[in-house]
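Peer 1: A predicted structure for the sequence below; I have some questions about it.
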Amino acid sequence: MTALSEFALKFRTAELAVKSYRDWVWSLRPVHCTLGASVLSVRREAIQLSQLSPEEFAGLAEVVKDVETRLKDAFAYDKINYLMLMMVDPLVHFHVVPRYATPRRFEGMEWVDKNWGKFPDISGPTLISEQAQALLRVLG
């Protein structure tokens, strides 16, 4: 199994895709640490940032603008963090973590950024189908 296929299975990118771009996929994080937490992943087998093409880098700039605009419009985040760790999952990807100074409510659930002002805690509840579908409707 390739890094790309393993990543797609683990992060359920087909099921949780918010939007597909030419070179990138924006999907919800299955473990949802803050409201709107998501992942930007490259659409091909690349396990080092230096393996990205100039076109993929250029496309990332457009993707980030779109992601930030949609998340801001939907949830009014206060800051946004991008984490590129690639220790466990080697495919080139960024964890997108909207940050909130105050709690947010969505679909009857309160979301608290318990590490506001510090490094984000990327643990959290696993999205259930109804939550995921509601998030996809709002962000899509």
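Peer 2: Good, I have the coordinates.
Peer 1: now the residue nearest to the spatial centre of the chain, which residues is it bridged with?
Peer 2: Ranked by distance to the mean C-alpha position of the chain (C-alpha atoms, centre = their mean), the top residue is residue 38 at 1.6 Å. Per DSSP bridges, the residues bridged to residue 38 are residue 28, residue 96.
Peer 1: quick one: it from residue 84, how far?
Peer 2: 14 Å (C-beta to C-beta, to the nearest Å). Every C-beta, even on glycine, is put in place using the N, C-alpha and C of the backbone.
Peer 1: can you map out the strands along this protein?
Peer 2: 17-20, 24-28, 38-42, 79-83, 93-99, 104-106, 109-111 (DSSP state E).
Peer 1: what helices or strands is the last one leaning on?
Peer 2: This means strand 109-111. strand 104-106 (3 or more C-beta pairs under 8 Å, 6 or more residues apart in numbering; DSSP states H and E).
Peer 1: Run through the neighbouring helices and strands of the strand it packs on.
Peer 2: Packing contacts for strand 104-106, counted by 3+ C-beta pairs under 8 Å, 6+ apart, involve strand 109-111.
Peer 1: Go through the strand it packs on and flag the buried ones.
Peer 2: residue 111 (16 or more other C-beta atoms under 10 Å).
Peer 1: same check, this time on stretch 131-140
Peer 2: For stretch 131-140, by 16+ other C-beta under 10 Å, it's 131-132, 135-136, 138-139.
Peer 1: can you check stretch 70-89 too?
Peer 2: Buried-residue list, stretch 70-89, by 16+ other C-beta under 10 Å: 70-71, 74-75, 77, 80-81, 89.
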